[in-house]
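Engineer: Pasting the sequence and the predicted model now:
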Amino acid sequence: MGLKEDLTNELSEIFRARWEERNGSVVPEDSDVKLSNDGVNLEGAVLYADMADSTKLVEVKSKTFAAEIYKTFLRCAAKIIISEGGAVTAYDGDRVMAVFLGDSKNTSAVRAALKIHWAVENILTPAMKSVYKDGDYVPKHVVGIDSSKLFAARTGVRGANDLVWVGTAANYAAKLAGLPHSYRTYITAGVYKSMHESVRLSQGVPMWVALTWNFNNSTIYGSTYWWPID
C-alpha cells in the first residue's frame with residue numbers, strides 16, 4: 001500500500017468513526033486517551049506563558065545563552081504552575097501550556113501568572129546577571145489565560161503522538177500570550193469576573209486595566225502586578 005492510499009484510508013476512517021466521549025475531573029495523561037476517536041470533556045482554565053521577543057534573542061545572542069533563558073524561564077513557569085495545582089500539558093520552544101481544573105481554576109491560574117512575573121523579575125533575572133554581569137539582555141514574558149469547556153483528544157501516529165486541546169480557552173490563551181509585554185498578564189473577561197478578589201485587588205487597588213482586544217473587539221484585562229513566592 002502506498003502512502004497516498006494509506007493516508008486516504010486512515011483519514012476516511014477518522015471522519016467516519018463514532019466518537020467515544022466521557023467527562024473528566026482530572027487532566028488526562030496521553031495514555032488515558034486512545035488514538036482512535038476518543039476524547040475527554042473538561043471545564044478548565046488554560047494558561048500560556050511565552051517568552052517575549054524570543055526571535056530577536058536567538059538572532060543577537062549565542063545559542064547556549066538563548067537555551068539557558070528558555071530553560072530557566074520554563075523551569076520557573078512549570079514549577080509555579082504545578083505548585084498552584086495546574087498541570088503542564090505541553091512545551092513548545094519558549095512557551096508552556098497548562099490546564100487548571102476545579103472551582104478555583106481561574107484564581108489559581110491567575111495567581112500562577114502573577115507568580116511567574118515575580119519569578120522572572122526576582123529570581124531569573126538576578127541569577128542571569130550574576131553570571132552575565134555585562135550583558136544587556138532583559139528577560140520579558142507574557143502570560144495569557146482563558147477559561148472554557150475543553151475537549152482533550154489524542155493526535156499523531158503510534159510512537160509520535162500527543163494530546164490536542166479543543167476549546168476557545170486553548171486558542172484565546174495562546175493568542176493573549178502573543179500580545180505586547182507592556183502587560184505581563186492578560187486574561188479574558190470571563191476569567192476576570194469569576195476569579196477571587198485576592199487576585200483582583202492589591203490593598204484595595206485594582207490590579208487590572210480593562211483593554212479592548214483587537215482580535216475580536218472583546219474586553220480583556222492586563223496587569224503589571226506580581227505575586228511574591230516563598
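Structural biologist: Alright, I've got the coordinates.
Engineer: Report the central residue of the chain.
Structural biologist: Geometric centre of the chain, nearest residue: residue 48, 1.8 Å, by Cα atoms, centre = their mean.
Engineer: Give the next helix or strand downstream of the longest helix seen in the chain.
Structural biologist: The longest helix of the chain (DSSP state H) is helix 63-83. Using DSSP states H and E, the helix or strand that follows helix 63-83 towards the C-terminus is strand 87-92.
Engineer: burial measure for residue 226, as a count.
Structural biologist: A total of 20 residues lie near residue 226 under the criterion other Cβ atoms under 10 Å. Glycine gets a C-beta too; all of them are placed from N, C-alpha and C.
Engineer: Check which helix or strand it maps to.
Structural biologist: Taking DSSP H and E as the definition, residue 226 sits outside all helices and strands.
Engineer: coming back round to it: over to the residue nearest to the centre of the chain. Which of the three states is it?
Structural biologist: strand (DSSP: H, G, I helix; E, B strand; the rest coil).
Engineer: helices or strands up against the lowest-mean-pLDDT helix or strand in the chain?
Structural biologist: Within the chain, no helix or strand scores below helix 54-60, which has a mean of 89 by mean pLDDT, DSSP states H and E. Helices and strands touching helix 54-60, by 3 or more Cβ pairs under 8 Å, 6 or more residues apart in numbering; DSSP states H and E, are helix 63-83.
Engineer: in the longest helix of the chain, what counts as buried?
Structural biologist: If you call a residue buried by 16 or more other Cβ atoms under 10 Å, then helix 63-83 has these buried ones: 65-66, 68-70, 72-74, 76-78, 80-81.
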